[in-house]
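# pasting the sequence and the predicted model now:
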Amino acid sequence: MDWSSVGGLLLALGGIFLGQILEGGHLSSILQPTAFLIVFAGTIGAVLLQTRIESFLQGMRMLRWVFTPPKQDDQKLAEAIALWSTVSRREGLLHLEAHMNDSRDPFIKKGLRLLVDGITPAKLQEILAIDIATYENQHRQGLRIWESAGGYSPTVGILGAVLGLIHVMENLSDPARLGGGIAVAFVATIYGVGLANLFFLPVANKLKALLAIQINTREMLADCLSGIAAGDNLRLIQERAESYFEKKP
């Protein structure tokens, strides 16, 4: 669990609700289901209009990364690479088949299979580069739905406010209801701006950072596997792997 994401979301919502209470307002004033429905449904509708359903579903699946990021143990991965290199030099590439069958990562499994098949280093690098590009493009299309939602949400919020004001204008004959009606109308703007800046855009930026880590790991694996195929010594391969890992402060 990524507690920074959970804590950030709770802090943002808590600050808004607490601020409303300290100003003497009521939470019921900003909890308006109709305004939320207009903003949320309008935003999702606009995103669906511009996005293929496959990309939309991919983006929804990626949302879990924000709170439970993909696990990655750099030390364990470095040890695995060292083991593959040692096995290939001492026993031959064919003996990597057992490690290929044990792996649960499709990218690692594919890379080891190419090694076992005796693919040349240059061709192995080329094939894995295509795989990385396809993976990156697929996931970037998914995370763009959150960027798009962050762009549409404030505008839809303004539309909701205008619809609320139209309703207020229709009831000008009852001055006692004007103040409350106007307040409710502007809640749609709060939802539009709030969802964009407190959820949609932060989610998009967090997913960009997490995807960059995934791409970096795959590029490192492709580089190291290519080195194994070329018969590079273990120390050189380890140096390659370490150059990709994030340096801890």
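The structure has been received and is ready for your questions.

# show me the biggest helix of the protein in terms of residues.
For the chain, the helix with the greatest residue count under DSSP state H is helix 121-169.

# now that one: mean pLDDT?
On average, the pLDDT along helix 121-169 is 90.

# ok, now stretch 186-197?
Taken as a whole, stretch 186-197 has an average pLDDT of 90.

# please apply the same query to stretch 235-248.
Rounded mean pLDDT across stretch 235-248 is 76.

# so what's the residue most central in space within the chain up against?
In the chain, the centroid-proximal residue (CA atoms, centre = their mean) is residue 207; its distance is 2.4 Å. By CB atoms under 8 Å, 6 or more residues apart in numbering, the contact list for residue 207 reads 62, 65, 66, 139, 142, 143, 146. Any C-beta I mention is one placed from the backbone N, CA and C, and that applies to glycine too.

# go again using 6 Å as the cut-off
62, 143 (CB atoms under 6 Å, 6 or more residues apart in numbering).

# before we move on, which element is it in?
In this assignment (DSSP states H and E), residue 207 forms part of helix 201-230.

# let's see the next helix or strand after that helix as CSV, backbone CA atoms only.
Of the helices and strands lying after helix 201-230 in sequence (DSSP H and E), the nearest is helix 234-244. Taking Å, rounded to 0.1, in the frame of the first residue of the first chain, the C-alpha atoms of helix 234-244 are listed here in CSV:
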residue,chain,number,x,y,z
LEU,A,234,29.4,-11.2,-15.1
ARG,A,235,31.0,-8.0,-13.7
LEU,A,236,30.2,-6.0,-16.8
ILE,A,237,26.5,-7.2,-16.8
GLN,A,238,26.2,-6.2,-13.1
GLU,A,239,27.6,-2.8,-13.8
ARG,A,240,25.0,-2.4,-16.6
ALA,A,241,22.2,-3.4,-14.2
GLU,A,242,23.3,-1.1,-11.4
SER,A,243,23.5,1.9,-13.7
TYR,A,244,19.7,1.6,-14.2
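
# who are the packing partners of helix 234-244?
Judged by 3 or more CB pairs under 6 Å, 6 or more residues apart in numbering; DSSP states H and E, helix 234-244 is in contact with helix 74-90, helix 201-230.

# so which elements touch the longest helix of the chain?
By 3+ CB pairs under 6 Å, 6+ apart, helix 121-169 packs against helix 33-50, helix 53-67, helix 178-195, helix 201-230.
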